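> Coordinates for the following, if possible.
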Amino acid sequence: MLRTILILCAFAIGLGACQKTVPEYRATVYVFGTLVEIILRDVEEDEAKKMVASLQEDFQRLHKDWHAWKPGELSRLNATFAQGGTQKVSDLLLPAIIKAKEFEEMSDGYFNPAIGNIIAAWGFHSDELPKGSMPPLDKIKDMAAAHPSMKDVVIEGHMVHSTNPMVSLDFGGFGKGLALDMAEEKLKKMGVKHAVLNAGGDINTVGDHGDRPWVMAIRHPFVKWDVITSVELAPDEELYTSGNYERFREHDGIQYSHIINPATGMPVNHIVSASVIDTNGALADAAATALTVAGADDWHRIAKRMGLKYVLLIDEKGTFYANPAMKDRLKIPEGLNPTFVVSAPL
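Purely as a prediction, here's the structure:
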């Protein structure tokens, strides 16, 4: 996922500093393999610290039990699938499995959290970028030919099994969104009216900034740390971006993306960035991955199928693909003049 730049305040004329009119508490925790920035506005520091501690405890538990390759409940379930067994799952894991099945169906299979074995074969079940020789492509093609799918996962109450031993669940494509949705709801129950949760560029908001909208800038996919566009978010909107240029495998000068086409087992390289605005972070997270795989030819159909209203894709040539409503929200920096391919409305 991309780092998203939070534009939180304007420089005061003659002062060059942001002027706070209400308390603002910031904290950073490490989870899901990245830093999660938490910004709470209009919350006193002592109370904010307690809220952050509660969220951090939740994040750490989710990180452990939803992790695809480190010891935890999900990795135990994947081992059970490989052995053809059945496992009782917790109230924490079961909703994530149900969501995974829903999102695969909604995306017509472009989003498929059951291909963990293929992702692992490419070397992406690691905290570091994969190195060394290419994985055996014949083996990967055989894995894809086994068609692991969430449709193979059978849920009977809290008992779960797979009819396909090649199924291995990996929540990397929507786990952050689901976790941030849970955190957002918890903050609202605690009385928070204005907040941002930023997990490595995947953004959930609570309310607005207080006196204006939250403004988010999406990083330039070709110029590190530069901005290619920005958007204003309405209260409680989320912005999720999936990109192929931060996590990849490089071999002989070619970068192979961590985003895998479930049908072929091969990395997706045509779309370099996909951004989705929605009021549900898990859906936006999954959709950004699905639309990257769907590509320029099929993204609009999938976006409609998933009920999306705001989508932006950028291909390897820098061409923008967007629906009209999303195009109208984009603020392009001065000096940039991207080519747009504007779809029919969603």
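
> if I look at the nearest residue to His194 once chain neighbours are set aside, how far off is Leu169?
Excluding the flanking residues, the one nearest His194 by Cβ to Cβ, 6 or more residues apart in numbering is Arg41, at 3.9 Å. All C-beta spots, glycine's among them, are computed from the backbone N, C-alpha and C. Distance from Arg41 to Leu169, counting by Cβ to Cβ, to the nearest Å: 36 Å.

> Now do the helices in the stretch 201-346 of the chain.
281-305, 324-329 (DSSP state H, counting those that start in this stretch).

> Which of those helices sits closest to Arg212?
For the helices of the stretch 201-346 of the chain, proximity to Arg212 was assessed by Cβ to Cβ; helix 324-329 is nearest, at 15.2 Å.

> which other helices and strands contact that closest one?
Judged by 3 or more Cβ pairs under 8 Å, 6 or more residues apart in numbering; DSSP states H and E, helix 324-329 is in contact with strand 310-315, strand 340-342.

> could I get those as a markdown table with distance to Ile332?
Converted to a markdown table, the helices and strands packed on helix 324-329 look like this (distance: least, Cβ to Cβ, whole Å):
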| stretch | distance to Ile332 |
| --- | --- |
| strand 310-315 | 11 |
| strand 340-342 | 10 |
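
> tell me the most buried of these?
Mean neighbours per residue, mean count of other Cβ atoms under 10 Å, is largest over these for strand 310-315, with a mean of 24.

> same for that strand, what does it pack against?
In terms of contacts (3+ Cβ pairs under 8 Å, 6+ apart), strand 310-315 is packed against strand 271-278, helix 281-305, strand 320-322, helix 324-329.

> give me that answer again for 10 Å
Applying 3 or more Cβ pairs under 10 Å, 6 or more residues apart in numbering; DSSP states H and E, one finds that strand 310-315 contacts strand 227-233, strand 238-243, strand 271-278, helix 281-305, strand 320-322, helix 324-329, strand 340-342.

> Partner strands of that strand and their direction?
Applying DSSP bridges to the sheet, strand 310-315 is found paired with strand 271-278 (antiparallel), strand 320-322 (antiparallel).
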